[in-house]
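Engineer: Based on what follows, work out the 3D shape:
(2 chains)
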Amino acid sequence: MTNTERIPAVEGWFTTSEPYCLIGAKCTDCGTYVFPPRSGACPNPDCDSMELAPTPLSRKGKVWSYTENHYAPPPPYVAADPFEPYALAAVELAEEGLVILGQVAKGVMGVDLEIGMDVEVDLEVLYRDADGVDHWIWTWAPCAPEASA
Amino acid sequence: MGALRSGSERMMGSDRDLVVLGAGMHPWGKWGRNFVEYGLVAAKAALAEADVAWRDIEFVAGADTIRNGYPGFVSGSTFSQAMGWTGAQISSSYAACASGAQALQSARAQILAGFADVAMVIGADTTPKGFFAPVGGERKEDPDWQRFHLLGATNPAFFALNARRRIDVFGDTVEDFAMVKVKNSKAGVGNEYARFRKEFTLDDFAGSPIVSDPLRLLDICATSDGAAAVIICTPEYAMRKLGTLEGTVRIRAVANSTPTYPQVRLELPDIATDSNAVVSAPALGFKDSIAHNAYEQAGLGPEDISCAEVYDLSTALELDWYENLGFCPEGEGASLVRSGATALGGRLPVNASGGLSSFGEAIPAQAIAQVCELTWQLQGKSTGHQVEGAKVGLAINQGLFGHGSCTILSK
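Structural biologist: Model prediction:
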C-alpha cells in the first residue's frame, strides 16, 4: 500500500482517484439509475430486467436541502472527540434524476449553503481506525456553476 | 369515490366497518422496565373497557419492538403468554412507526375474512435514551447501518432537511415550527397518558439547543416507553354485547400503503431517492397517497374530518401532514397552524392528544395509541382535551422504508 492510496469507507460507491465521482448502477434495459450501486432487479416496476451495471454518476449537482449536525451521531458513526458540528446536504443530479445525501466538505456550514447551489464530489477522511488507517468518504463541496447550465 | 356519495350516505359506513369495543393505554414515560409490563396494563384496561374476557379473544395482533430482544420480535405470542395461553390465533407485525397500524390491519383482515369475531391489537415499547441508533452489529449491507456509519445521518437530520425545504420553498419560519410545539404542548397538559405535561411558549425556544439546524431540541420528539391496546370486533358481536350499535366507534379505513416508483422525496433512512430519469414522479407523492388511500377506502374526504392525530416526529413534519391530508393547499401549513384552526377549540384540531410532542415515540404502541385517542374523542371521553362534537377521526403516520399507515374512525 502506498501513502497516496485512499481506502474507501464503503466499497464501490465512488472513485478513489481523480476525477472523483459517485458510482451508481444503471438498468441495462430501461436505463433508470440506482444509488447506492447494487446488482439484482431493476427498481422500475414495469421493467423485468435483472441487470444493473455499475456506472459513474455526474460529478456536479445542485443542493436540494441541507442541515447541520450539532450533536455527535451515535455509533456506528465514528465521531471525532471533541465533536465538531458539520453539515449534510442532499444534492440533486439532473441527468440521473437522483437526490443523494452526503456530508458537506469540512468547514462549509449551513450559513455557506443555499438550496439550488452548485456542488461537486470531493473526498475526505471519514475516520482513522485503530491501526491508523484513514477511511475516506465522498463529500459535497461548493463549486462554480456548470458553464452549459 | 367519496365525492359521489351524499353527506348522509357517507356517514353510514359500509358492511366492512368493524367496531372498536374497548381501548386501553399505559401512560407514556421513561422508566426502562420490561415492555411486557406496560403491555399488560394496556391489555387489561382495553379488555375491561370492552367488557370482554381474555379467554374470549380469538385473535391477538402484536406490534413488534426491535430493541427488546426476541420477545419483541414475536410480540403476539409474548403478550399471549404473559396473559396466559388460550389457544388464540396470533400475528406479530413489524413496520417501524407503522407497526401498530399494521397489527390493526392484520386483526381487521382476519375478522373481515370471517376467521374471528373479536381481536386484540397490542403494542408496547421500552426505548433507549438519546438518538435512535441502528440495532447492534456491523451490518454493512443494511441502509439503516450505512446512513449512520457513513454520514451520521440521524433521524433529526432527515427531519431538518425537510424543515429547511419548507423554509426555502414555502417561506416558513422557525417560529412557525415552534407554533406547532406551543399548540401540542398546551393540549398535552390535559392528557393523563402524556409523558410531558408542560406548556411551552415561543420564548422557550431561544434557550433550546439546536440539534439539526434549523430544528431545536423542542422541535423534535423524544423516545418513550409506553403501551396501547384496542379490542375490535364485528358489528354482530358488538350488537350481542351492547344490544345496540348506537354510539359505537367504527373503523372505516386502515390503509397500509407503499410508495409508487419513483419515490422522489428523500425519506428516512434512504441515502438517495429513486431516479425520475426514465419514469416520471407519480401524481401523488408518498404521504399524499397514504391519505388518499384511506379517504377512498372510507368514502370520506378531508372536509369530513373532525380531528386528526398525525405523526409530529418534528414540528415541521406536522405542517407537511396538513397539506398531505388536504386540510390546506401545499405550502399553507404554517398559515393553518397560525390561524388556530388546528388547536384544541379550532375548527379542525390536530394532535388534541398532545401528539408525539407530548408523548415521545414508543414505536409499536404509537399508532395504536392514536386509535385509542380517537376512540375516546369520538365517545366524548377525552376529559381535559376533548374535541367538542367529534364525529370522524383520522390518524396517519409513516414507518421507515416505505410503510405508510392511515386509519379513519367514525361514530
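Engineer: if you go through chain A in chain order, where are the helices?
Structural biologist: Secondary structure of chain A (DSSP state H): no helices present.
Engineer: Quick check: which ranges of it have low pLDDT?
Structural biologist: A:1-4, A:146-149 (pLDDT under 70).
Engineer: Now with 90, please.
Structural biologist: A:1-5, A:81, A:145-149 (pLDDT under 90).
Engineer: which residues in it form strands?
Structural biologist: A:7-8, A:23-27, A:33-34, A:52-56, A:60-69, A:86-93, A:98-104, A:118-128, A:134-142 (DSSP state E).
Engineer: Enumerate the residues of the stretch 101-250 of chain B near chain A.
Structural biologist: Within the stretch 101-250 of chain B, the residues that sit near chain A (C-beta under 8 Å from any C-beta of the partner chain) are B:130-131, B:133-134, B:138, B:140, B:143, B:145-154, B:157, B:160-162, B:164-165, B:168-169, B:209-215. To be clear about C-beta, it is placed using only N, CA and C from the backbone, and glycine gets the same treatment.
Engineer: switch to 6 Å and redo it
Structural biologist: Residues of the stretch 101-250 of chain B lying close to chain A (C-beta under 6 Å from any C-beta of the partner chain) are B:131, B:133, B:148-152, B:154, B:157, B:160-161, B:164-165, B:168, B:210-213.
Engineer: Turn the strands of chain A into JSON lines, including mean neighbour count and distance to chain B.
Structural biologist: Shown next, in JSON lines, are those (neighbours: other C-beta atoms under 10 Å in any protein chain shown; distance: least, C-beta to the nearest C-beta, whole Å):
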{"stretch": "strand A:7-8", "mean neighbour count": "16", "distance to chain B": "10"}
{"stretch": "strand A:23-27", "mean neighbour count": "22", "distance to chain B": "8"}
{"stretch": "strand A:33-34", "mean neighbour count": "24", "distance to chain B": "4"}
{"stretch": "strand A:52-56", "mean neighbour count": "15", "distance to chain B": "11"}
{"stretch": "strand A:60-69", "mean neighbour count": "24", "distance to chain B": "4"}
{"stretch": "strand A:86-93", "mean neighbour count": "25", "distance to chain B": "5"}
{"stretch": "strand A:98-104", "mean neighbour count": "25", "distance to chain B": "4"}
{"stretch": "strand A:118-128", "mean neighbour count": "18", "distance to chain B": "7"}
{"stretch": "strand A:134-142", "mean neighbour count": "20", "distance to chain B": "6"}
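Engineer: Columns distance to B:Lys186 on top of these, output as TSV?
Structural biologist: Output for the strands of chain A, formatted as TSV (distance: least, C-beta to C-beta, whole Å):
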stretch	distance to B:Lys186
strand A:7-8	50
strand A:23-27	47
strand A:33-34	46
strand A:52-56	51
strand A:60-69	28
strand A:86-93	33
strand A:98-104	35
strand A:118-128	41
strand A:134-142	40
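Engineer: Tell me which of these approaches B:Leu242 most closely.
Structural biologist: Closest to B:Leu242 of the strands of chain A, according to C-beta to C-beta: strand A:60-69, at 51.3 Å.
Engineer: May I have that closest one exported as CSV, CA atoms only?
Structural biologist: Output of strand A:60-69 as CSV, limited to C-alpha atoms (Å, rounded to 0.1, in the frame of the first residue of the first chain):
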residue,chain,number,x,y,z
LYS,A,60,-21.8,18.0,-10.1
GLY,A,61,-25.3,18.7,-8.8
LYS,A,62,-27.4,21.3,-7.0
VAL,A,63,-28.3,21.4,-3.3
TRP,A,64,-31.8,20.2,-2.7
SER,A,65,-31.6,20.7,1.1
TYR,A,66,-29.1,20.8,3.9
THR,A,67,-28.7,20.7,7.6
GLU,A,68,-26.0,20.7,10.3
ASN,A,69,-25.5,18.1,13.0
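Engineer: partner strands of that strand, parallel or antiparallel?
Structural biologist: strand A:86-93 (antiparallel), strand A:118-128 (antiparallel), strand B:210-213 (antiparallel) (DSSP bridges).
Engineer: Could you export those strands as JSON lines, including distance to B:Asp125?
Structural biologist: Formatted as JSON lines, the strands paired with strand A:60-69 follow (distance: least, C-beta to C-beta, whole Å):
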{"stretch": "strand A:86-93", "distance to B:Asp125": "28"}
{"stretch": "strand A:118-128", "distance to B:Asp125": "32"}
{"stretch": "strand B:210-213", "distance to B:Asp125": "22"}
